[in-house]
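S.K.: Make a model of this:
(one chain, ligands or ions: 1)
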Amino acid sequence: MKIIHKISQIREIIKDLNSSIGLVPTMGALHKGHASLIKKSVEDNDFTIVSVFVNPVQFGINEDFDKYPRTLQKDAQLCEKLGADVVFAPSVDEMYQDTKELTLVCPPYSAINKLCGKSRPGHFDGVATVVSKLFNITKCTRAYFGQKDAQQLFIIKKMVKDLNFDVEIVPCPIVREDDGLALSSRNSYLDENARKDALKLSAALKYSKELWQKGIRDKQTLCDSALKILGGLDVDYVEIVNPDTFEDWQENDKNALMLIAAKIPPVNTRLIDNMEL
Ligand code: PAF
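M.R.: Take a look at the predicted model:
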């Protein structure tokens, strides 16, 4: 397996590849959730590229870009073990000549004025821009995204449709620890107590799903019950959307997706999770 830092090298490698290419876009600090995406790509495609790039354009000024975990050697070992062919780990300068005068891909306001997009202005422009660049650089046939970032997945699917990218988006299920905690690179910021608090996200979703299964359809009741369990956290949102449209869930919608974002004290690690009810 090769670790490549230059766009020109990726272009050289894929030039003569007459085969399907799977792309797993990541920001590194790989965990079992990423591993499931890589395994699926290796199964589905002749050639798998894992990109490892902490994308500055999707971080706000007061967010954790500088302290985001960077563990390239360990990540590359995992990719190799799982059968990936290339790790593409460009520098910021390689990806962006000038982040201030950058042509951005901007998802529609209706998709970003809610949930994570509301509290992270510019975040999804940064995600859509870097993902478009990665699609163009790797010329991938398929790209793999985790369902934990549900709004991101919705926005990327829409972008692919709206901009006619010839890429199949493959959603992959959330991977959880045995106690329910959804895997995230940001879990590495949590000490023992914070990790216990972080479990409240999956517990709240699970409880709401139980209420839903008992026939409760009142949105306020479902959200309030979740909020009770999230007590002590700095909750950004608890919302229920129609998973096909990402519009607010209405009582005649058949499917419902509950999403939560909350900061875990004292380090204020922001975690997200979601569950289909
Ligand atoms: O989900 C992530 O890790 C990032 O948002 C992505 C898709 C790799 C873009 O930087």
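
S.K.: closest point of the stretch 151-277 of the chain to the ligand, which residue?
M.R.: For the stretch 151-277 of the chain and the ligand, the shortest gap (C-beta to the nearest ligand atom) falls at residue 152, measuring 5.8 Å. Using the backbone N, CA and C atoms, a C-beta is placed for each residue, glycine as well.

S.K.: Give me the distance from the helix or strand hosting residue 260 to the chain's centre.
M.R.: When elements are defined using DSSP states H and E, residue 260 is found to belong to strand 257-264. What separates the centre of strand 257-264 from the centre of its chain is 14 Å, taken as C-alpha atoms, centre = their mean, to the nearest Å.

S.K.: what residues does it touch?
M.R.: The contact list for strand 257-264, computed with C-beta atoms under 8 Å, 6 or more residues apart in numbering, reads 115-116, 119, 150-151, 190, 194, 197-198, 200-201, 204-205, 208-209, 222, 226, 230, 233-243, 249, 269-277.

S.K.: Kindly report the same for stretch 127-136.
M.R.: Contacts to stretch 127-136, defined as C-beta under 8 Å, 6+ apart, come from residues 23, 25, 51, 53, 55, 57-58, 88, 95, 102-107, 140, 143, 152, 155-156, 159, 163, 165, 167.

S.K.: Of the residues you listed, which belong to strands?
M.R.: 23, 25, 51, 88, 143 (DSSP state E).

S.K.: what's the most distant pair in those residues?
M.R.: When C-beta to C-beta is used, the two most widely separated members of the ones in strands among the contacts of stretch 127-136 are 88 and 143, lying 12.8 Å apart.

S.K.: so residue 271 sits in a strand?
M.R.: Yes - per DSSP: H, G, I helix; E, B strand; the rest coil, residue 271 lies within a strand segment.

S.K.: And the residue of the stretch 51-200 of the chain closest to the ligand?
M.R.: residue 55 (4.1 Å).

S.K.: contacting residues around that residue?
M.R.: 27, 95, 126, 127, 130.

S.K.: Can you check the pLDDT for it?
M.R.: Model confidence at residue 55, given as pLDDT, is 98.

S.K.: Ok, residue 213 next?
M.R.: Predicted confidence (pLDDT) for residue 213: 96.

S.K.: do residue 16 as well
M.R.: 88.

S.K.: can you give me the strands in this protein?
M.R.: Under the criterion DSSP E, the chain contains strands at 2-4, 21-26, 47-52, 86-88, 142-146, 168-172, 234-241, 257-264, 269-276.

S.K.: Not counting its neighbours along the chain, what's nearest residue 82?
M.R.: Leaving aside its chain neighbours, residue 82 sits nearest to residue 38 (4.6 Å; criterion: C-beta to C-beta, 6 or more residues apart in numbering).

S.K.: Give me the contact list for the longest helix along the chain.
M.R.: Across the chain, the helix with the greatest residue count (assigned by DSSP state H) is helix 192-213. Around helix 192-213, the neighbours that count as contacts under C-beta under 8 Å, 6+ apart are 176, 179-182, 187, 190, 221-223, 225-227, 229-233, 238, 256, 258, 260, 262, 264-267, 269, 271-277.

S.K.: Could I have the CA atoms of it written out in CSV?
M.R.: As requested, C-alpha coordinates have been extracted for helix 192-213 and formatted as CSV (Å, rounded to 0.1, in the frame of the first residue of the first chain):
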residue,chain,number,x,y,z
GLU,A,192,-13.7,8.5,32.0
ASN,A,193,-16.3,10.9,33.4
ALA,A,194,-16.9,12.7,30.1
ARG,A,195,-17.3,9.3,28.3
LYS,A,196,-20.0,8.4,30.8
ASP,A,197,-21.8,11.6,30.0
ALA,A,198,-21.4,11.0,26.3
LEU,A,199,-23.4,7.8,26.7
LYS,A,200,-26.4,10.0,27.3
LEU,A,201,-26.7,10.7,23.5
SER,A,202,-27.3,7.0,22.5
ALA,A,203,-29.4,6.4,25.7
ALA,A,204,-31.7,9.3,24.8
LEU,A,205,-32.1,8.1,21.2
LYS,A,206,-32.8,4.5,22.4
TYR,A,207,-35.4,5.7,24.9
SER,A,208,-37.2,7.8,22.2
LYS,A,209,-37.2,4.8,19.9
GLU,A,210,-38.8,2.7,22.6
LEU,A,211,-41.5,5.4,23.1
TRP,A,212,-42.0,5.5,19.3
GLN,A,213,-42.3,1.7,19.2
